[in-house]
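Output the structure for:
(one chain, ligands or ions: 1)
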Amino acid sequence: MTTLFWHRRDLRIHDNAGLYKALFSEKNVQPIFIFDTAILSRLKKDDQRVLFIHQEIEVLKQAYTQLGSDLQVYYGSPLDIIPELVNNHGVKSVFCNRDYEPYALERDKTLFEQLTALNCAFIGTKDHVIFEKNEVTKADGLPYTVFTPYSRKWKEKLNDDYLKAYPVEKHLDSLNKITATPLISLQEMGFESVQKMAFPSKDFPVNIIQNYNDTRDIPAIKGTSKLSLHLRFGTISVRALAKQALSSNETYLNELIWRDFYQMIIFHFPHSVKNSFKKQYDAIQWEYNETQFNAWCEGKTGYPLVDAGMRELNATGFMHNRVRMVVASFLTKHLLIDWRIGEAYFAEKLLDFELASNIGGWQWASGSGCDAAPYFRVFNPTSQQEKFDKQFTYIKKWVPEFGTPNYPAPIIEHKFARERVLNRYKTALNNE
Ligand SMILES: Cc1cc2nc3c(=O)[nH]c(=O)nc-3n(C[C@H](O)[C@H](O)[C@H](O)COP(=O)(O)OP(=O)(O)OC[C@H]3O[C@@H](n4cnc5c(N)ncnc54)[C@H](O)[C@@H]3O)c2cc1C
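Numbers count the residues shown, from 1 in each chain. Predicted structure coming up:
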């Protein structure tokens, strides 16, 4: 082998931009995947996402085998494994698709330096988003920090070329013809192999996308696409999905633009992972009441929409977007608990956890992010329920004891919480 293609958050062959580039320009391209011990060591041993990745790697391996090639899977640090492969096999170039998270950028920078010293090229391609980095900027070349003008420019720039599928299938003869070593098992990596959660299907729900405007805010029905997990791990192509949305539903397209927006924000403003995007919000004095935090985690706050959402998350690894906004607002504004604590809880539980979108969503809810609602707009969880789950259908599904004496009283009074958060935010922001 003379070339490697390194799969990361792009676990598919079809319409894979980086793989296409490697196969088009090189011969004997060996696809690889690395279970990165730096990432795995931070996860619990029953993490369902590792199981999902493992399943998808098995599918990918089979797909390559049918093409007369195979996916070689490693376990360890990419910074050890890739330079070793380059040294031992005379590899001249390593291709991959770009990743915009701070950890990945740092890792790729180090790898680039290592490979340059070994006289090997390291070539990244855009695949995870439609527009990346500086492709959509303000007239002065600076990144947008407000969504609406960003989305307007995004749409102006879009043309068919950006949505075209990469014809990987035309260059499959460039794949290295080998039989790889068997796939490492979950147990060998210290993980349990029991699937406790149902993974959403990767079929395009064409009807849902068409009717998205009417259904997207109702958590009791299947009114959203549930493709977030597949977009996160690249088991579907965002270009194909955007193409579908463009021809059938602009509101749905806007959601994909939000996704691009947050990827662009994390790339340009990596400080927002740990700190408030708007610096002055780091002056807020948070409370931390452990009993209240636990009640939120367990879905026992006495606010049924909040509780239903948290129980859905705990049981399935998914939560409806409307309810994500409500529970995040409740934690940060009603309980005055730091958004970073809620963000970390979501990061552990969400199957579709995507750092950029999670940080974006949490900072939006707490008011500290780019383009967030003004802090004095505090979601009322009761009126949100009246609007979006009028018949208590979603609530009764997840909180069966709701309406019985076993259901807890609210852990905090709405009016008190509202006044407290307004005062607390005002003090912090006025002291700027
Ligand atoms: C506090 C909070 C945390 C969130 N954390 C995540 C996260 O970790 N991972 C994640 O993928 N999304 C996150 N979101 C965004 C959104 O809730 C989910 O993308 C959506 O609920 C996934 O369901 P779906 O696939 O049915 O979405 P659909 O409504 O069908 O939307 C289609 C796709 O568009 C993208 N999308 C939709 N809304 C948003 C948004 N607001 N921001 C960015 N992308 C969006 C997703 O990739 C989604 O799969 C978060 C939102 C909030 C308020």
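
Any residues of the stretch 201-350 of the chain in contact with the ligand? List them.
216, 224-228, 231-232, 255-256, 258-259, 262, 321, 324-325, 328, 346, 350 (C-beta under 6 Å from any ligand atom). For every residue, glycine as well, the C-beta is placed using N, CA and C.

burial of Glu132, as a residue count?
Number of residues near Glu132 (other C-beta atoms under 10 Å) recorded here: 16.

Show the model's pLDDT score for it.
We note a pLDDT of 98 for Glu132 in this prediction.

Does it touch Tyr262 like I think?
No. Using C-beta atoms under 8 Å as the test, Glu132 is too far from Tyr262 to be in contact (12.0 Å).

mind checking how far the residue of the chain found nearest the ligand is from Trp154?
At 2.4 Å from the ligand, Gly361 is the closest residue in the chain, using C-beta to the nearest ligand atom. According to C-beta to C-beta, to the nearest Å, Gly361 and Trp154 sit 19 Å apart.

and if you look at His268?
Taken as C-beta to C-beta, the span from His268 to Trp154 is 15 Å.

So between these two, which is more surrounded?
Trp154 (23 against 17).

Could you pull up the mean pLDDT of the longest strand seen in the chain?
Secondary structure of the chain per DSSP state E: the longest strand is strand 29-36. For strand 29-36, mean pLDDT is 98.

i'd like the first residue to be 8 from this point on
From this message on, residue numbering opens at 8, which makes the last subject strand 36-43.

Now the very next helix or strand once past it: buried residues?
Next helix or strand after strand 36-43 toward the C-terminus (DSSP states H and E): helix 44-47. Neighbour-count burial for helix 44-47 flags Leu47 (criterion: 16 or more other C-beta atoms under 10 Å).

Residues touching helix 44-47, excluding its own?
Val57, Tyr82, Gly83, Ser84, Tyr110, Met196, Gly197, Phe198 (C-beta atoms under 8 Å, 6 or more residues apart in numbering).

next one: stretch 93-102
With C-beta under 8 Å, 6+ apart as the criterion, stretch 93-102 contacts 8-13, 25-26, 28-29, 33, 36, 89, 92, 118, 122, 125-132.

any idea where the helices of the stretch 158-307 of the chain begin and end?
Using DSSP state H, counting those that start in this stretch, the helices of the stretch 158-307 of the chain run over residues 167-170, 213-217, 219-222, 235-240, 245-255, 257-275, 297-305.

hmm, back to that, among the contacts of stretch 93-102, which ones are buried?
The neighbour-count test (16+ other C-beta under 10 Å) applied to those identifies 8, 10-13, 25-26, 28-29, 33, 36, 89, 92, 118, 122, 127, 129-132 as buried.

Which of those residues fall within strands?
Thr10, Leu11, Phe12, Trp13, Val36, Phe129, Ile130, Gly131, Thr132.

At the geometric centre of this structure, which residue sits there?
Geometric centre of the chain, nearest residue: Glu361, 2.0 Å, by C-alpha atoms, centre = their mean.

which residue packs closest to that residue, ignoring adjacent ones?
Spatially, and ignoring its direct neighbours in sequence, Glu361 is nearest to Arg239 (5.0 Å; C-beta to C-beta, 6 or more residues apart in numbering).

The one you found: how many residues sit nearby?
Arg239, neighbours per other C-beta under 10 Å, totals 20.

Not counting its own residues, what contacts the helix or strand hosting Ile366?
Using DSSP H and E, Ile366 sits in helix 362-373. If you take C-beta under 8 Å, 6+ apart as the criterion, helix 362-373 is touched by 107-108, 265-266, 268-270, 272-273, 279-280, 283-284, 288, 331-332, 335-336, 339-340, 346-347, 349-350, 353-354, 357, 376-380.

can I assume His341 is in contact with His421?
Yes. Between His341 and His421 there is a contact under C-beta under 8 Å: 7.3 Å.

the more surrounded of the two?
Set His341 next to His421 and count neighbours by other C-beta under 10 Å: His341 wins out with 27 against 16.

In terms of pLDDT, where does the residue nearest to that one when sequence neighbours are not counted sit?
Nearest-residue entry for His341: Ala424, 4.1 Å, with adjacent residues in sequence omitted and distances by C-beta to C-beta, 6+ apart. Ala424 carries a pLDDT score of 98 in this model.

check which helix or strand covers Ala424.
Element membership of Ala424 [criterion: DSSP H and E] is helix 421-437.

Determine how far that helix lies from the middle of the whole chain.
From the chain centre to the centre of helix 421-437 is a distance of 31 Å (C-alpha atoms, centre = their mean, to the nearest Å).

Same check on stretch 287-306?
On C-alpha atoms, centre = their mean, the centre of stretch 287-306 falls 23 Å from that of its chain.

Next, the distance between the ends of it.
31 Å (C-alpha to C-alpha, to the nearest Å).

Buried ones in it, by neighbour count?
Buried residues in stretch 287-306, counted by 16+ other C-beta under 10 Å: Tyr288, Ile291, Gln299, Phe300, Ala302, Trp303, Cys304, Gly306.

These into CSV, with extra columns for pLDDT?
Listed next are these as CSV, based on pLDDT from 0 to 100:
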residue, pLDDT
Tyr288, 95
Ile291, 97
Gln299, 98
Phe300, 98
Ala302, 98
Trp303, 99
Cys304, 99
Gly306, 98
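
Low-confidence regions, the stretch 208-357 of the chain specifically.
The model of the stretch 208-357 of the chain has no residue with pLDDT under 70.

Look at the spatially closest residue to Leu50 that is not a sequence neighbour and tell me its secondary structure.
Residue nearest to Leu50 in three dimensions, not counting chain neighbours: Val57, with 6.3 Å by C-beta to C-beta, 6+ apart. Three-state call for Val57 (DSSP: H, G, I helix; E, B strand; the rest coil): helix.
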